[in-house]
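[1] what's the 3D shape of this:
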Amino acid sequence: MSGRPTSRTVTIDFLADSVARYRADHAIVAVDVIRATTTVVTAVSLGFRCFPVPSLEHALPLAARLDRPLLVGELGGNTPYGFDLTNSPVQLTQLSDVRRPLILLSSSGTGLIYEAREAPAAYVACLRNYRALAAHVAVAHKHVAVIGAGTRGEFREEDQLCCGWIARELLALGFEAIDTRTIEVVDRWRHEPAEAILQSKSVTYLQDSGQVADLDFILAHVDDLDDVHVVSDGEVVRASR
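    Next comes the predicted model:
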């Protein structure tokens, strides 16, 4: 990325494969609104220890090392055999034993979080904490890459909106957008309400699969958390403020 401005910068991208372009010198913000990062942020806010993993091959050995872990997630929309529940923030709120660590696996979002782990800092964001996250990284970092997980190779509307809102906040705090895509995403979603994500294929999936409660939860919990969530040694924890 030669020729990058020396001022504070923000860029928007998507897909886990794009992390390699930024991992050396950017703080990375991982976004997968429907549903991985919403599930992660909700889990940590409830008091769970949360370990996102990129594959079953990572999940099972980790489960063997933890005390009575909950296996949570989906692959291709299906809950893997032996898992306790799917990738659902609503189902997490119905659990009472937060002492059990949570291992989370998803088709896209947890792979993005895993790829970002070796960046100078890796954060997890959704609509619940986007504003607090932007305020934190604006102070803590000079170069920020906000990356949507992508689903089936697409930059879905819900992730565009969340990435655009985070970048919008950073631009207002004096950051510079370094590419056309970032400017276009911010301009497209700058004034849109959260309900604009209803046009997404991800929403259609939730509706068709009888998981509308998660959609309702996402739309009812916008900018309701002040916590910032960072990846530390494979676990997502609250960042020091």
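
[2] model confidence over the lengthiest helix in the chain, on average?
    As assigned by DSSP state H, the longest helix anywhere in the chain is helix 157-172. Per-region confidence: helix 157-172 scores 98 on mean pLDDT.

[3] Show me what counts as buried in it.
    Within helix 157-172, the residues that count as buried by 16 or more other CB atoms under 10 Å are 157-171. (C-beta placed from N, C-alpha, C; glycine too.)

[4] Which neighbouring elements make contact with it?
    Using 3 or more CB pairs under 8 Å, 6 or more residues apart in numbering; DSSP states H and E as the contact test, the elements touching helix 157-172 are strand 9-14, strand 27-31, helix 130-140, strand 143-148, helix 180-189, helix 201-208.

[5] Format those as a markdown table; extra columns: distance to Thr93.
    A markdown table is the format used below for these (distance: least, CB to CB, whole Å):
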| stretch | distance to Thr93 |
| --- | --- |
| strand 9-14 | 28 |
| strand 27-31 | 21 |
| helix 130-140 | 20 |
| strand 143-148 | 25 |
| helix 180-189 | 27 |
| helix 201-208 | 16 |
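
[6] Can you say which of the ones you listed is packed in most?
    Compared across the helices and strands packed on helix 157-172, strand 27-31 shows the largest average neighbour count, a mean of 30 (mean count of other CB atoms under 10 Å).

[7] so what's the closest residue in space to Val212 that isn't next to it in sequence scoring on pLDDT?
    Computed as CB to CB, 6 or more residues apart in numbering, the closest residue to Val212 that is not its neighbour in sequence is Leu206, at 5.9 Å. pLDDT for Leu206: 96.

[8] check contacts around Leu206.
    Shown in contact with Leu206 (CB atoms under 8 Å, 6 or more residues apart in numbering): Ile34, Val212, Asp214, Leu215.
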